[in-house]
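Q: I'd like to go over a predicted model; first the sequence, then the structure.
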Amino acid sequence: MSRRQPKLTAYHPDGSECPTTGPDRHRLSPRGYPRTDGCTGRATWIAVCQCGWRNQADLKVVPDDNRRRHTCP
Ligand SMILES: [Zn+2]
Ligand SMILES: [Zn+2]
């Protein structure tokens, strides 16, 4: 049985996406301060699943944890 995990995305305070993977990802210090030009920091994290489920929180650990436990209805 294949199971796709919901996608987790970080967003800047203005609502634009803050890339967390790939060559253009934004780098942040361990304390969360932006180290990439144009990056304003990560204000919120949203996990979205194909089934319509979504989970949002200020801290990455919350939706990241919830998406690992998520099973589609
Ligand atoms: Zn950013
Ligand atoms: Zn789902």
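A: Okay, I see it. None of these values were measured; they are calculated from a predicted model. Residues are numbered from 1 along each chain as shown. Ligands and ions are numbered 1, 2, ... in the order given.
Q: if I pick the residue most central in space within the chain, what's in contact with it?
A: Ranked by distance to the mean C-alpha position of the chain (Cα atoms, centre = their mean), the top residue is T9 at 2.7 Å. Counting by Cβ atoms under 8 Å, 6 or more residues apart in numbering, T9 touches E17, T20, W45, I46, A47, V48. Any C-beta I mention is one placed from the backbone N, CA and C, and that applies to glycine too.
Q: Counting only strands, which of these make the cut?
A: Under the assignment DSSP state E, these contribute E17, W45, I46, A47, V48 to strands.
Q: how about the residues of this structure that lie near ligand 2?
A: Contacts of the chain with ligand 2, taken as Cβ under 5 Å from the ion, map to C49, C51, W53, C72.
Q: ok, now with 8 Å
A: R4, P6, C49, Q50, C51, G52, W53, H70, T71, C72, P73 (Cβ under 8 Å from the ion).
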